[in-house]
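# A predicted structure for the sequence below; I have some questions about it.
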Amino acid sequence: MADLKIPQANKSSPFADVRGHHVAVRVPDRAEALKWYTEKLDWRVVHLWPFADEELAYIAPPNDDTFMVELLAGGDPGPLAAPAYSDLGESLRHAGYHHFCLIVDNIDATIAEFRKRGVKIVTEPFQLDDISRKLAFIADPFGNLIELAEVIA
């Protein structure tokens, strides 16, 4: 099965200039989050800044300058703890934003490396033919989910 067929771009839309930039992830501790994302996922720190009583950061994957995650840390009161998911099905019981997705070339090799680095594997790789993907889910130390997707032929 081929990759997804995306409809032709609508260049005449009044919103044709809209582009994705980043997703924000709430974390209780910026330093701990930066340590995890840079050491476990090899992400790069793009920018650090304060906002009111919070500490924010843009981080980017090792080889992608088009997508970033904004870490939102600190503040009073601090964030409530996210549920500690043990599997994907359990996580789907909650409304709201669920995860962000990263495309990888080889999901089995990526999961093997994450396992060596002590990353929590929430869902082992599984194939979903309807979207031509092999998927897996990991979690950061705060319970935020990250989907990994390998495009399959």
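Yes, it's here.
# low-confidence stretches in this structure?
Screening the chain residue by residue with the criterion pLDDT under 70, one finds the ranges 1-2.
# tell me where it has helices.
30-40, 88-91, 107-116 (DSSP state H).
# quick check, distance from the first one to the centre of its chain.
Averaging C-alpha positions (CA atoms, centre = their mean, to the nearest Å) puts helix 30-40 13 Å from its chain's average.
# against residue 10, how distant is the spatially closest residue to residue 121 that is not a sequence neighbour?
With CB to CB, 6 or more residues apart in numbering as the criterion, residue 121 has its nearest non-adjacent residue at 5.8 Å, and that residue is residue 138. All C-beta atoms are positioned from the backbone trio N, CA, C, and that covers glycine. Here the criterion is CB to CB, to the nearest Å. By it, residue 138 lies 34 Å from residue 10.
# residue 95 too?
Following CB to CB, the distance that separates residue 95 from residue 10 is 29 Å.
# likewise for residue 151?
On the measure of CB to CB, residue 151 and residue 10 end up 24 Å apart.
# between the two, point out the one with more neighbours.
Comparing residue 151 with residue 10 by other CB atoms under 10 Å, the one with more neighbours is residue 151, at 16 against 9.
# OK, contacts around that one?
Shown in contact with residue 151 (CB atoms under 8 Å, 6 or more residues apart in numbering): 3, 103, 132-133.
# which one of the residues you listed is nearest residue 33?
When these are ranked by distance to residue 33 (CB to CB), residue 103 comes first, at 22.1 Å.
# name the nearest residue to that closest one, sequence neighbours excluded.
Distances taken as CB to CB, 6+ apart put residue 149 closest to residue 103, at 5.4 Å, once the chain neighbours are dropped.
# the one you found: neighbouring residues, count only.
When neighbours are defined as other CB under 10 Å, residue 149 has 18 of them.
# same question for residue 42.
By other CB under 10 Å, the residues close to residue 42 number 12.
# for it, grab phi and psi.
Here is the backbone geometry of residue 42 (degrees, to the nearest 10): phi 60, psi 30.
# so it makes contact with residue 62?
Yes - judged on CB atoms under 8 Å, residue 42 makes contact with residue 62 at a distance of 4.5 Å.
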